[in-house]
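*Asks:* quick one: sequence and predicted model below, then my questions.
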Amino acid sequence: TGVDDLGDKAPTLTIARDGRASGHGGCNRFFSTATIDGEQIGFSEIGSTRMACEEPMMTVEKAYFAALGATMSYRIEEGRLLLLDAQGQTTVALAASV
């Protein structure tokens, strides 16, 4: 199973106007604080529920939470939110949902 094959278990992210961020890591719900300044973005105080799930979901979730923690900037490209690390490399690409 690849990340593109996760269906309704794919990681999600919602950022409220007040900076509260939340979503689903694939297994657990998470919460964080997002700080946005222009194209710069950072996530701090990342916390989550602690349910255990089967692989590959735990591996995907661990990588997703690590990528959120390493995020320094973002850009929107072709309807997707790209989260970028300090080197400008895409660590997460999220599609908009309705």
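*Replies:* Everything's here; your move.
*Asks:* can you pull out the strands in this structure?
*Replies:* 14-15, 20-24, 29-37, 40-48, 73-77, 80-84, 90-95 (DSSP state E).
*Asks:* reformat the ones you listed as CSV; add mean neighbour count and mean pLDDT.
*Replies:* From N, CA and C alone the C-beta is placed, and that goes for glycine too. What follows is the strands of the chain, written out as CSV (neighbours: other CB atoms under 10 Å; pLDDT from 0 to 100):
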stretch, mean neighbour count, mean pLDDT
strand 14-15, 14, 95
strand 20-24, 17, 96
strand 29-37, 15, 96
strand 40-48, 15, 95
strand 73-77, 14, 95
strand 80-84, 18, 95
strand 90-95, 15, 93
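*Asks:* dump those strands to CSV, plus distance to Phe65.
*Replies:* Shown next, in CSV, are the strands of the chain (distance: least, CB to CB, whole Å):
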stretch, distance to Phe65
strand 14-15, 15
strand 20-24, 10
strand 29-37, 7
strand 40-48, 6
strand 73-77, 17
strand 80-84, 12
strand 90-95, 10
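*Asks:* nearest to Met58, out of those?
*Replies:* strand 40-48 (11.9 Å; CB to CB).
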